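A.B. asks: I'll drop the sequence and a predicted model, then ask my questions.
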Amino acid sequence: DGGITQSPKYLFRKEGQNVTLSCEQNLNHDAMYWYRQDPGQGLRLIYYSQIVNDFQKGDIAEGYSVSREKKESFPLTVTSAQKNPTAFYLCASSNNPRDSLSGNTIYFGEGSWLTVV
Amino acid sequence: AQKITQTQPGMFVQEKEAVTLDCTYDTSDPSYGLFWYKQPSSGEMIFLIYQGSYDQQNATEGRYSLNFQKARKSANLVISASQLGDSAMYFCAMREGRTGNQFYFGTGTSLTVIP
């Protein structure tokens, strides 16, 4: 089935440790995104990538890093510099709009829960 | 300024009744798209409905309709004949023509359907 796969679903991080969240899509989408969601809150953009080997910071990029070596993969590393990483992380993808009126929506993975222990 | 504003943190509706979830947006781009998503307690985000800025008619998808009032910059979601399974968080989002690849999300509205 086509879609976005995030792993792991649940992850525990020790203080001072880097962890990487995986995101893979087989929708042939050019653009990929990482969002952070805190309990009862909306989505905040961490990083996004419009094309392979290129990515841009979102609103809360500090303490996070990404790579886009393949079209289908966009892993997110939560570094030790991120002081409050406990949250729900959502990966998403979409087609690059040739026309924003095309209605190309953004598709989400099932999310990853990260907890600091 | 917030691109998307959802002013209702929580809403309750009786089963089988209709409910309106509010969304206002802010953009100077004449070309934009508006989206609504549902997030059940499992966490997945489910696409519900889309409205383009130049669409003449309000979008409808089954029991979902979008009340698009361009002059007021509002894009309210109407759910008709509410069901218990509609209980979830609902997010309004916008994609602008200029930036294209950024989706701006509101803070969400928690909807509870009462039997």
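C.D. replies: Received, thanks. Numbers count the residues shown, from 1 in each chain, chains lettered A, B, ... in the order given.
A.B. asks: and the pLDDT for residue A:81?
C.D. replies: Residue A:81 is assigned 84 on the pLDDT scale.
A.B. asks: wait, residue A:101
C.D. replies: 52.
A.B. asks: over to residue A:25: give its phi and psi.
C.D. replies: phi -130, psi 140 (degrees, to the nearest 10).
A.B. asks: how many residues are close by it?
C.D. replies: Counted with other Cβ atoms under 10 Å in any protein chain shown, residues neighbouring residue A:25 total 22. Where C-beta positions appear, they are placed from N, C-alpha and C, glycine not excepted.
A.B. asks: could you do residue A:47 as well?
C.D. replies: Look at residue A:47: counted by other Cβ under 10 Å, it has 22 neighbours.
A.B. asks: and if you look at residue B:85?
C.D. replies: As a burial measure, residue B:85 scores 9 neighbours (other Cβ under 10 Å).
A.B. asks: name the SS class of it, please.
C.D. replies: When classified by DSSP: H, G, I helix; E, B strand; the rest coil, residue B:85 comes out as helix.
A.B. asks: do you know how far it is from residue B:59?
C.D. replies: Per Cβ to Cβ, to the nearest Å, residue B:85 is found 21 Å from residue B:59.
A.B. asks: looks like residue B:34 contacts residue B:94 (just checking).
C.D. replies: Yes: assessed by Cβ atoms under 8 Å, residue B:34 is found in contact with residue B:94 at 5.5 Å.
A.B. asks: so which residues of chain A form strands?
C.D. replies: A:4-7, A:10-13, A:19-25, A:31-37, A:43-51, A:54-57, A:64-66, A:76-78, A:87-94, A:107-108, A:112-116 (DSSP state E).
A.B. asks: could you give the separation of the shortest one from the chain centroid?
C.D. replies: Computed by Cα atoms, centre = their mean, to the nearest Å, the chain-centroid distance of strand A:107-108 equals 10 Å.
A.B. asks: what of the fifth one?
C.D. replies: In terms of Cα atoms, centre = their mean, the centre of strand A:43-51 is set 7 Å apart from its chain centre.
A.B. asks: now that strand: average pLDDT?
C.D. replies: Mean pLDDT, computed over strand A:43-51, is 93.
A.B. asks: just the buried positions in stretch A:54-71, please.
C.D. replies: Within stretch A:54-71, the residues that qualify as buried are A:55, A:58, A:61, A:64-66, A:68, A:71, counting by 16 or more other Cβ atoms under 10 Å in any protein chain shown.
A.B. asks: can you tell me which of the residues you listed is closest to chain B?
C.D. replies: Set against chain B, the nearest of the buried residues of stretch A:54-71 by Cβ to the nearest Cβ is residue A:58 (8.0 Å).
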